[in-house]
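Peer 1: Model the following, please.
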Amino acid sequence: MPFSKRTYTSLRDFASDFLFPVRNRGRLKRVNRENLLSPAFRERLMMAVTWVNGCRYCSYFHARMALRAGLDHDEIRELLSGGVERCPDDEAVAVAYAQHWAESDARPDSQAVERLEQAYGREKADAIHLMLRMIRMGNLMGNTWDYVVYRLTFGRLGGGAPIRM
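Peer 2: Next comes the predicted model:
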């Protein structure tokens, strides 16, 4: 069975993502300090992207963080299955956008970006993009690690299925 999860395909992309938090530490601190996105909102975004990318490590970690942020098991299960029906109305546009963003490999349709900015304003949309970039990095690192293990075991251990709740 071939390995089908999105991974890093070049050292350049990996290095760019690895340096991204360092280069943007001020922006990251500001998002957290000014509480531009609530912890529950951030976790919904993280799980939406993780569902698309299928990182089992991030699924587990962000499900735990979501519980701490007040999400219930049913909503977490739904988000990690691609659903958004339980999301608060004021966050549903961003969570659906996060899925589109991940499905397009971080190259969303310009109309989708415009809709996000209309719904949340430029500052909050920028904070959302920052969080999406961070979780994508985590997802790709986890999936790349799984790919290395997959190759070292000649595919006997499989691709590492996402952890289900």
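
Peer 1: Which element, helix or strand, includes the closest residue to Arg42 other than its chain neighbours?
Peer 2: Excluding the flanking residues, the one nearest Arg42 by CB to CB, 6 or more residues apart in numbering is Met131, at 5.6 Å. Where you see a C-beta, it was placed from the backbone N, CA and C, and this is true even at glycine. Using DSSP states H and E, Met131 maps to helix 110-152.

Peer 1: same for that helix, what does it pack against?
Peer 2: helix 11-23, helix 25-33, helix 39-53, helix 56-68, helix 89-103 (3 or more CB pairs under 8 Å, 6 or more residues apart in numbering; DSSP states H and E).

Peer 1: Identify, out of those, the most deeply packed stretch.
Peer 2: The highest average neighbour count among the helices and strands packed on helix 110-152, using mean count of other CB atoms under 10 Å, belongs to helix 39-53 at a mean of 24.

Peer 1: Would you confirm that Ala119 contacts Ala94?
Peer 2: Yes. The criterion here is CB atoms under 8 Å, and Ala119 meets it with Ala94 at 7.2 Å.

Peer 1: Can you check what angle separates the lowest-mean-pLDDT helix or strand in the chain from helix 11-23?
Peer 2: Sorting the helices and strands of the chain by mean pLDDT, DSSP states H and E puts helix 25-33 at the bottom, at a mean of 92. For helix 25-33 against helix 11-23, the angle by axes from the mean of the first three to the mean of the last three CA atoms, to 10 degrees is 60 degrees.

Peer 1: Using CSV, list the CA coordinates for helix 25-33.
Peer 2: C-alpha atoms of helix 25-33 as CSV (Å, rounded to 0.1, in the frame of the first residue of the first chain):
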residue,chain,number,x,y,z
ARG,A,25,7.7,35.2,16.5
GLY,A,26,6.5,38.7,17.1
ARG,A,27,3.3,38.1,15.1
LEU,A,28,2.7,34.8,16.9
LYS,A,29,3.1,36.4,20.3
ARG,A,30,0.7,39.2,19.3
VAL,A,31,-2.0,36.8,18.3
ASN,A,32,-1.7,35.0,21.6
ARG,A,33,-1.2,38.2,23.7
